[in-house]
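> attaching a predicted model along with its sequence, questions to come.
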Amino acid sequence: MKTFVHQGQITKVVFGSGTRSRVPEEADALGCRRVLILCTPGQEDQAAEMRDLLGAAAVGTFAEAAPHTPVEVTRKAVTYAGSVEADCVLALGGGSTIGLGKAIAVRTGLPQLALPTTYAGSEMTPILGETEGRRKTTRRLPEALLNTVVYDVDLTLTFPAAASVVSGVNAMAHAVEALYAQDRDPVAVLMAGEALDSLARSLPAVARRPDDHEARTDALYGAWLAGTCLGTVGMALHHKVCHVLGGTFGLPHAETHTVVLPHVVAYNAPAAPEAMARITQALPAADAASGLFDFAGRLGAPRALRDLGMPEPGIEEAVELIVRDGYWNPRPVDRTAVRAFLTRAWAGETPWTPPDDEHPRTDSVTEPSDTTGARHA
Ligand code: NAD
């Protein structure tokens with residue numbers, strides 16, 4: 001890797017335990033005096049604590065954040081932000097709430113802060129995914145980038161064990177694809193490796209004891225690094241597959257990443273030996289794909305797309321959507337290959353690496369010069 005471009009992050013990051021007490025001064029540092037707090041209906045208690053901490057600077061709470069950032073929710077939130085004369089938004093929650101904050105910021109220009117409470121990593125990316133009707137679109141917009149992210153480990157202690165495991169593997173997927181990204185750079189590779197080390201070490205402990213503060217710290221640290229990778233380098237086949245499955249069949253985000261990851265890693269393995277070596281080192285395991293499959297299985301995570309609600313005839317529809325757009329992947333992608341690994345993922349079978357001569361390349365859709373098409377979160 002002798003020639004590279006590295007794009008640094010502009011987002012200020014505060015990390016630790018009890019750090020939410022610093023939110024008032026961080027808002028103040030941005031020149032904000034009227035904070036609108038965003039959350040889901042399930043996190044109103046945590047939002048109420050934040051409102052108390054902010055005192056008079058908290059001008060309202062909008063507790064209707066929903067999965068996949070529906071534009072009708074965003075419109076309602078923008079109207080509410082105007083009615084309370086908010087001069088910034090504070091998203092307290094996971095990717096759904098942070099997505100709402102980005103959607104408001106893109107429409108209003110308001111500065112954004114976040115207190116992330118899952119491992120999804122959206123807070124470190126300029127990626128905005130939104131749904132209108134049944135259609136989900138994803139864009140990279142510099143104005144979606146957050147100004148300040150305050151990671152407070154304490155807020156993650158309430159995240160249930162099962163949800164934490166799949167959210168953590170969702171973060172590992174960002175790191176895995178950063179390791180073989182076409183536009184990877186030495187810093188991204190270091191961050192991705194460190195993210196995998198932290199998450200592989202901490203998730204088993206979090207699954208055993210969700211209130212293990214040290215393990216929660218390690219997991220959130222790994223999630224931050226993985227989210228930074230997602231925000232700075234292009235993703236590939238794995239993120240494309242999950243985007244299609246989530247958007248088309250409404251499958252749950254983190255669970256889908258968890259089921260799909262070992263299968264895409266198995267497929268890409270022959271084309272990305274250095275990435276595979278780093279994954280096996282982190283787990284540790286003899287083989288990256290089966291190591292990831294066993295890791296998630298040991299932690300009780302789902303293994304089959306059919307258990308997430310995907311209909312079997314949907315495999316063919318998904319294959320077409322996955323191969324339709326050109327995007328970069330370390331190993332060329334074709335219908336036969338995608339059908340093969342999706343069928344295995346649907347049934348919950350072990351990952352499998354097809355030999356190179358297994359698939360004719362006549363319908364290959366990957367375009368090695370394009371990294372933009374695969375930037376899905
Ligand atoms: P989420 O934000 O939908 O949260 C899942 C549920 O967990 C919610 O009900 C939430 O209230 C609850 N929850 C979250 N933290 C909790 C805590 N600490 N304690 C108790 N309950 C808690 O889930 P997610 O996986 O973080 O986000 C998924 C969404 O984020 C998807 O729409 C995905 O597309 C998007 N996403 C976007 C990006 C990006 O860069 N744009 C990156 C990753 C994910």
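It's in.

> that's a helix at T131, yeah?
No - looking at T131 with DSSP: H, G, I helix; E, B strand; the rest coil, it is strand, so not inside a helix.

> ok, and does the helix or strand hosting T79 reach over to the ligand?
If you go by DSSP states H and E, T79 is part of helix 71-83. No - using C-beta under 6 Å from any ligand atom, helix 71-83 never reaches the ligand; the gap is at least 12.0 Å. C-beta coordinates here come from the backbone N, C-alpha and C atoms, glycine included.

> off-centre distance for that helix?
Here helix 71-83 shows a centroid-to-chain-centroid distance of 24 Å under the convention C-alpha atoms, centre = their mean, to the nearest Å.

> pull the residues that contact it.
Defining contact as C-beta atoms under 8 Å, 6 or more residues apart in numbering, one finds that helix 71-83 is touched by 36, 38, 60, 62, 64-66, 89, 100, 103-104, 107-108, 110, 130-132.

> where do the strands sit along the stretch 101-250 of the chain?
All strands of the stretch 101-250 of the chain, identified by DSSP state E, counting those that start in this stretch, fall at 112-116, 127-132, 135-140, 148-152.

> just checking: what are the partner strands of the third one?
Spelled out, that is strand 135-140. Paired with strand 135-140 in the same sheet, following DSSP bridges, are strand 127-132 (antiparallel).

> give me the buried positions along the helix holding T79.
Buried residues in helix 71-83, counted by 16 or more other C-beta atoms under 10 Å: V73, T74, A77, V78, Y80, A81.

> could you chop the chain up by domain?
Domain assignment for the chain by automatic domain parsing gives 12-156, 162-375.

> can you add mean pLDDT and distance to T3 and give those back as a markdown table?
Formatted as a markdown table, the domains of the chain follow (pLDDT from 0 to 100; distance: least, C-beta to C-beta, whole Å):
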| stretch | mean pLDDT | distance to T3 |
| --- | --- | --- |
| domain 12-156 | 97 | 23 |
| domain 162-375 | 92 | 10 |
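
> buried residues in the helix ranked longest in the chain?
Using DSSP state H, we find that the single longest helix of the chain is helix 186-208. Neighbour-count burial for helix 186-208 flags 187-189, 191-200, 202-203, 206-207 (criterion: 16+ other C-beta under 10 Å).

> distance-wise, check the closest residue to A171 other than its chain neighbours relative to the ligand.
In this structure, A171 finds its nearest non-sequential neighbour in A226, 3.9 Å apart by C-beta to C-beta, 6 or more residues apart in numbering. Separation of A226 from the ligand (C-beta to the nearest ligand atom, to the nearest Å): 10 Å.

> show me what contacts the residue of the chain found nearest the ligand?
Nearest residue of the chain to the ligand, counting by C-beta to the nearest ligand atom: G95, 1.9 Å away. Going by C-beta under 8 Å, 6+ apart, G95 touches T118, A120, G121, S122, H253, A377.

> residues near the second one, how many?
Looking back up the chat, that one is A120. Here the count is done by other C-beta atoms under 10 Å, and A120 has 28 residues near it.

> that older thread, mind giving me the PyMOL select for the contacts of helix 71-83, buried ones only?
Selection command for PyMOL covering only the buried members of the contacts of helix 71-83, criterion 16+ other C-beta under 10 Å:
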select buried, resi 36+38+60+62+64+65+66+89+100+103+104+108+110+130+131
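
> so which of the contacts of helix 71-83 belong to helices?
Reading helices off the contacts of helix 71-83 with DSSP H, I get L100, A103, I104, R107, T108.

> filter the contacts of G95 by proximity to the ligand?
Checked against the ligand using C-beta under 6 Å from any ligand atom, the contacts of G95 give the following subset in range: T118, A120, G121, S122, H253, A377.

> before we move on, back to that, how much space between the residue nearest to A171 and A205?
For A226, the distance to A205 (C-beta to C-beta, to the nearest Å) stands at 18 Å.

> got it, and T117?
T117 is 18 Å from A205, where distance means C-beta to C-beta.
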